[in-house]
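Undergrad: I'd like to go over a predicted model; first the sequence, then the structure.
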Amino acid sequence: ASPLAGPAAPSYAALVDALPDPVMVVSGKDREDAIERRVVFANAAAGELLRVARSDARLVTTVRDPKVLQAVDEALFDDTAAEAVYERGGAQERLLRAQARPLGVGADGSRLALVVFRDETDLRRVERPRADFLANASHELRTPLASLSGFIETLRGPAKGDEAARERFLGIMQGQAARMSRLIDDLMSLSRIEFNEHIAPSCDVDLVQAARDVADAAAPLTRERGITLEMALPTESVHVTGDRDQIVQVIQNLVDNALNYSTPGGTVKLTLTAGLSTEAAAAGDRPGAARLSLLTPDHAQDLYAAVRIADVGAGIAREHLPRLTERFYRVEGQKSGGRSGTGLGLAIVKHIMNRHRGGLAVESQPGEGTTFTAYWPLRREA
């Protein structure tokens, strides 16, 4: 016996009304008269999404998309299944797939069709960044590849016997090859981080020592550019739970950014402070500067350790701050130091901080400089 049999069984209309997807039954008699298409039934989801009356509403006033209306006509008068993509504008854009299926002829002689809307907004939001990422990565690789191809062609042709031109071109080609190598390294690094982002690290890491290691590694670059790297570190160790290589990568990327956008003779300050609340860790220290939290911990704990890297470079305008951690995003008009960046550094930093359940904030003022703050939860024993 059917579990829906018996006097207490719900009606088919009640079952359809309870479906989460918008469902409508549409009627029509004359293919040439689009105005007479009627919605003879709409479930609760359709009523909420399309603001349609439960029955006898005109279809053209409910759905104004020509592609959807065409799909309904094919189901009504051609007895064929059809579908169309329906994009609803407004404050919250929605993307739905409308599927129309023929239901035959009704008791009054009108033809009937079932129309089901499937919300694909979240799916499109996932696919669009992926497509944008592939397009951007292809573009970033295509530029140095085109440069290399052009110089190779020149060296094999007009500049074949020109020693001075050969040395100059080979230097440029070496720079372009290094740029591609950095981009591939960053792409692979970002892929590995995203793959393990849901797995929280568990090792004991001393932030003081990590900061010193970054300063030691940056010493040749600071000497080369005449930039002073000032350190303000606690005298005692500061322990957090994390992946040491990734924590060093965060500090290294932020220090590199500060050095790249600093003018010769400038100063970059690296400050480490422990025992801060979430609000204190994300708070700024530049009066009058625009400040934005790029990543906030989901589950804030009592105390954090914050690393602040401040430069006195050109600064960043307020409107650019929300997009700084987007992949391949660069602020127009700003030039980094001796080598061009890949546009992935801050995206990598954000993903690493998310894996460590930490936070990331930025404050900047054009003409005054920029400060990035990364903060980690202190290890419980500490």
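TA: Everything's here; your move. Numbers count the residues shown, from 1 in each chain.
Undergrad: contacts for stretch 71-88?
TA: Outside stretch 71-88, the residues within contact range by Cβ atoms under 8 Å, 6 or more residues apart in numbering are 26, 28, 31, 34, 37, 59, 63, 65, 67-68, 70, 93-102, 111-115, 117. Quick note: C-beta positions are derived from backbone N, CA and C, even for glycine.
Undergrad: Among the residues you listed, name the buried ones.
TA: 26, 28, 34, 37, 59, 63, 68, 95-96, 98-102, 111-115, 117 (16 or more other Cβ atoms under 10 Å).
Undergrad: So for the residue nearest the centre of the chain, what's the nearest residue that isn't a sequence neighbour?
TA: For the chain, the residue nearest the mean C-alpha position is residue 326 (5.8 Å; Cα atoms, centre = their mean). Of all residues not flanking residue 326 in the chain, residue 347 sits nearest, at 6.8 Å (Cβ to Cβ, 6 or more residues apart in numbering).
Undergrad: just to confirm, which helix or strand has the one you found in it?
TA: helix 345-355 (DSSP states H and E).
Undergrad: Return the distance of that helix from the chain's centre.
TA: Put simply, helix 345-355 sits 11 Å off its chain's centre (Cα atoms, centre = their mean, to the nearest Å).
Undergrad: now do stretch 281-293
TA: Using Cα atoms, centre = their mean, the offset of stretch 281-293 from its chain centre is 23 Å.
Undergrad: Please point out which parts of it sit buried.
TA: For stretch 281-293, using 16+ other Cβ under 10 Å, the buried residues are 281, 282, 284, 286, 289, 290, 291, 292.
Undergrad: same deal with stretch 32-43?
TA: In stretch 32-43, counting by 16+ other Cβ under 10 Å, buried: 34, 37, 38, 39, 40, 41, 42, 43.
Undergrad: Take those and lay them out in a markdown table including pLDDT and secondary structure.
TA: Shown next, in a markdown table, are the buried residues of stretch 32-43 (pLDDT from 0 to 100; DSSP: H, G, I helix; E, B strand; the rest coil):
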| residue | pLDDT | secondary structure |
| --- | --- | --- |
| 34 | 83 | helix |
| 37 | 90 | coil |
| 38 | 89 | strand |
| 39 | 89 | strand |
| 40 | 88 | strand |
| 41 | 88 | strand |
| 42 | 88 | strand |
| 43 | 88 | coil |
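Undergrad: which residues of the stretch 51-200 of the chain fall in strands?
TA: With DSSP state E, counting those that start in this stretch as the criterion, the stretch 51-200 of the chain has strands at 57-58, 82-88, 94-105, 111-119.
Undergrad: Pull the number of nearby residues for residue 30.
TA: 12 (other Cβ atoms under 10 Å).
Undergrad: Give me the contact list for the one helix or strand residue 224 maps to.
TA: Under the criterion of DSSP H and E, residue 224 resides in helix 207-225. Contact with helix 207-225 is made by 227-229, 231, 233-234, 236-240, 244, 247-248, 251-252, 255-256, 259, 262, 264, 268, 270, 272, 274, 305, 307, 337-338, 376, as judged by Cβ under 8 Å, 6+ apart.
Undergrad: Give me the buried entries from these.
TA: Using 16+ other Cβ under 10 Å, the buried ones in the contacts of helix 207-225 are 227, 229, 233, 238-240, 244, 247-248, 251-252, 255-256, 259, 262, 268, 270, 272, 274, 305, 307, 337, 376.
Undergrad: Out of those residues, which sit inside strands?
TA: Among the buried ones among the contacts of helix 207-225, the members found in strands (DSSP state E) are 229, 239, 240, 268, 270, 272, 274, 305, 307, 376.
Undergrad: The third one contacts residue 376, doesn't it?
TA: The one in question is residue 240. Yes: at 4.2 Å, residue 240 counts as touching residue 376 under the criterion of Cβ atoms under 8 Å.
Undergrad: Mutual contacts of those two, please.
TA: In contact with both residue 240 and residue 376: 207, 247, 305, 356, using Cβ under 8 Å, 6+ apart.
Undergrad: looking at it, the second one is touching residue 205, isn't it?
TA: By that I understand residue 247. Yes: under the criterion of Cβ under 8 Å, residue 247 makes contact with residue 205 at 5.4 Å.
Undergrad: which residues are in contact with both of those two?
TA: residue 240.
Undergrad: Need the contact partners of stretch 282-296.
TA: By Cβ under 8 Å, 6+ apart, stretch 282-296 touches 278, 308, 310, 317-318, 321-322, 324-325, 346, 350, 353-354, 358-365, 368-369, 371, 373, 375.
Undergrad: secondary structure class for residue 331?
TA: At residue 331 the chain is in coil, as set by DSSP: H, G, I helix; E, B strand; the rest coil.
Undergrad: Now do the nearest residue to it once chain neighbours are set aside, the pLDDT please.
TA: Counting by Cβ to Cβ, 6+ apart, residue 320 is the residue found nearest to residue 331 once chain neighbours are left out, at 4.9 Å. On pLDDT, residue 320 comes in at 87.
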